[in-house]
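In: Sharing a sequence plus its predicted fold:
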Amino acid sequence: MAVAQEDFKIIVVGAGPAGLLLALLLSKRGIPVVLLDAASGPDQRPRATHYGPPAVYELRRAGVIDDVLADGFLPKKICWRKLDGTYLTGLDNSILGDDPDRVACLPLDQLGRILAKHLAKQPEAEVKWNHNVTGLGQDKGKAWVHVTAPEGETTVEGTYIIGCDGANSQIRRALHGDWNFPGRTWEEQIVATNVYYPGFETHGYEDANFIIDKEHWHMASKITKDGMWRVSYGEQGGLTHDELKERQTMKFERMLPGNPKPGEYKLTNFSPYKVHQRLAVKMREGRFLLAADAAHLCNPFGGLGLTGGIVDVGGLADCLYGIWAGKADADEILDVYDKVRREKYSTMVDPISSENLRRMVSDPETVLEPGKDEFLTLCLKAEKDEEFAKKMMMGIYELQYDFTKHYKQ
């Protein structure tokens, strides 16, 4: 049953970057949006940093890309190396020149602040902190969530409710059950660190470096203009936080160029975590929809989780706008959203990100041999053929889908 435009309202659960971006894209088109978040304020964790071209497209569409680039930067080259620093192969983003959707880099907490600043200027948007969802329901005309808020228990109603509330999504759990999130968890643990270490530049490291090694595999990537680097490395499973912390100095001395001692670098962040490859049973249940980490997870190597989540949000914004404007049949276009976004995860995000991680634990002495690693073989070809390199880097646009194709003609 259609809802009159004047009664149309979107509730977004989760005021992280995905939720903020969705609210911004919708409210700038005149659609009322309310964001609910259980936290007392924005997430301060730096987390992900790199936005692939389809994600940059959405940030540009939201009108925030100038602010993103003012605080962040355009990384140039991504490469693969041996543990001793030996260069294997790479891709040079700078050959894309002035392409407006080149890969951009900015820690996710800073993107959140930019999105919140822009959203605060939108009269159709409202953010409510300290609002914890405890239950939900829906009927033919509306959906609702029960919320614990500072003023007590309350119910918030909307035309559609979007779960953008992360890997532990309360919306997904309420819809599908606490443990129904199909996929797998990697045996390896990941430790994400932020560090200032001039040795990366003095040893000729590129802006992003993937180090292939069976034991000390890791990624070292510049993430801020002032010289902060993200070093994410693999560790054996089963170690406690304290044990991982105790091993950090040993790992850095073995991994980083120049084999530095603790006094030679400044560690600013240390965050161990487990990594998952998981996809929700569905991304639509009636008037409830899921997007970004609430819907799917993957390991961080390659940035597909972040980019894929932002592309979810951009596509969903087009679907909801089409419904609000009377240009799309709600059931049809939202079913397409569910089908397409789950297919994109299954056919691109999951297999490519999984291969990215497996590549890092392969044998660096043989990985470039014919037939060993198709992707690195293509990278070798791209280094000698600029047009092929451009096509290869633009392949990530396959993550996108034009939902406006399903608007009424």
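Out: Received it, and whenever you're ready, just let me know what you need.
In: And what about residue 126, helix, strand or coil?
Out: Three-state assignment for residue 126 (DSSP: H, G, I helix; E, B strand; the rest coil): strand.
In: Model confidence for it, exactly?
Out: Looking at residue 126, its pLDDT reads 97.
In: Dig out what it forms beta bridges with.
Out: Note on residue 126: beta-bridge partners residue 34, judged by DSSP bridges.
In: wait, what's in contact with it?
Out: Listed by CB atoms under 8 Å, 6 or more residues apart in numbering, the contact set of residue 126 reads 33, 34, 35. The way it works is simple: take the backbone N, C-alpha and C, and place the C-beta from them, glycine included.
In: Out of those residues, grab the one that's most surrounded.
Out: residue 35 (26 neighbours; other CB atoms under 10 Å).
In: For residue 214, grab phi and psi.
Out: Backbone torsions of residue 214, given as degrees, to the nearest 10, read phi -70, psi -30.
In: which residue packs closest to it, ignoring adjacent ones?
Out: Once flanking residues are discounted, residue 214 sits nearest to residue 361: 5.7 Å by CB to CB, 6 or more residues apart in numbering.
In: Assumed residue 408 was part of a helix.
Out: No - membership of residue 408 in a helix is not supported by three-state DSSP, which gives coil.
In: May I have the secondary structure class of the residue lying closest to it once chain neighbours are set aside?
Out: Among residues not flanking residue 408 along the chain, residue 327 sits closest, at 5.6 Å (CB to CB, 6+ apart). The local conformation at residue 327, judged by three-state DSSP, is coil.
In: residues touching residue 327, list them.
Out: 321, 407, 408.
In: gap between it and residue 333?
Out: 9 Å (CB to CB, to the nearest Å).
In: In the protein, where's the longest helix?
Out: The residue-count maximum for a helix in the chain (DSSP state H) belongs to helix 304-324.
In: name the helices or strands packed onto that one?
Out: helix 17-27, strand 50-51, helix 53-61, strand 296-297, helix 330-344, helix 350-360 (3 or more CB pairs under 8 Å, 6 or more residues apart in numbering; DSSP states H and E).
In: Could you dump those into TSV and include mean pLDDT, distance to residue 113 and mean neighbour count?
Out: Compiled in TSV, the helices and strands packed on helix 304-324 are given as follows (pLDDT from 0 to 100; distance: least, CB to CB, whole Å; neighbours: other CB atoms under 10 Å):
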stretch	mean pLDDT	distance to residue 113	mean neighbour count
helix 17-27	98	10	27
strand 50-51	95	15	26
helix 53-61	97	14	22
strand 296-297	98	24	26
helix 330-344	98	27	18
helix 350-360	97	27	18
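In: what about the ones you listed, which gets the closest to residue 212?
Out: Checking these against residue 212 by CB to CB gives helix 350-360 as the closest, at 5.5 Å.
In: which strands and helices sit next to that closest one?
Out: strand 183-196, strand 208-212, strand 266-279, helix 304-324, helix 374-382.
In: For residue 170, which of these is the nearest?
Out: Closest among the helices and strands packed on helix 350-360, once you apply CB to CB, is strand 266-279, at 16.1 Å.
In: Now do the buried residues in the closest one.
Out: Within strand 266-279, the residues that qualify as buried are 272, 275, 276, 277, 278, 279, counting by 16 or more other CB atoms under 10 Å.
In: same question for it, mean pLDDT?
Out: 95.
In: what are the pairing partners of that strand, and which direction each?
Out: Here, using DSSP bridges, strand 266-279 pairs with strand 183-196 (antiparallel), strand 296-297 (antiparallel).
In: So for residue 90, which of these sits nearest?
Out: Here strand 183-196 is closest among these (CB to CB), at 21.8 Å.
In: Keeping just the C-alphas, turn that closest one into PDB.
Out: Only the C-alpha atoms of strand 183-196 are listed here, as PDB (Å, rounded to 0.1, in the frame of the first residue of the first chain):
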ATOM      1  CA  GLY A 183      29.500 -17.200   6.200                       C
ATOM      2  CA  ARG A 184      32.800 -17.900   8.000                       C
ATOM      3  CA  THR A 185      35.300 -16.500  10.300                       C
ATOM      4  CA  TRP A 186      39.000 -16.500   9.400                       C
ATOM      5  CA  GLU A 187      41.300 -18.500  11.700                       C
ATOM      6  CA  GLU A 188      43.900 -15.700  11.600                       C
ATOM      7  CA  GLN A 189      43.500 -12.600  13.800                       C
ATOM      8  CA  ILE A 190      44.200  -9.100  12.400                       C
ATOM      9  CA  VAL A 191      45.900  -6.400  14.400                       C
ATOM     10  CA  ALA A 192      45.300  -2.900  13.100                       C
ATOM     11  CA  THR A 193      47.800  -0.200  14.200                       C
ATOM     12  CA  ASN A 194      48.300   3.400  13.400                       C
ATOM     13  CA  VAL A 195      52.000   4.500  13.500                       C
ATOM     14  CA  TYR A 196      54.300   7.300  12.600                       C
END
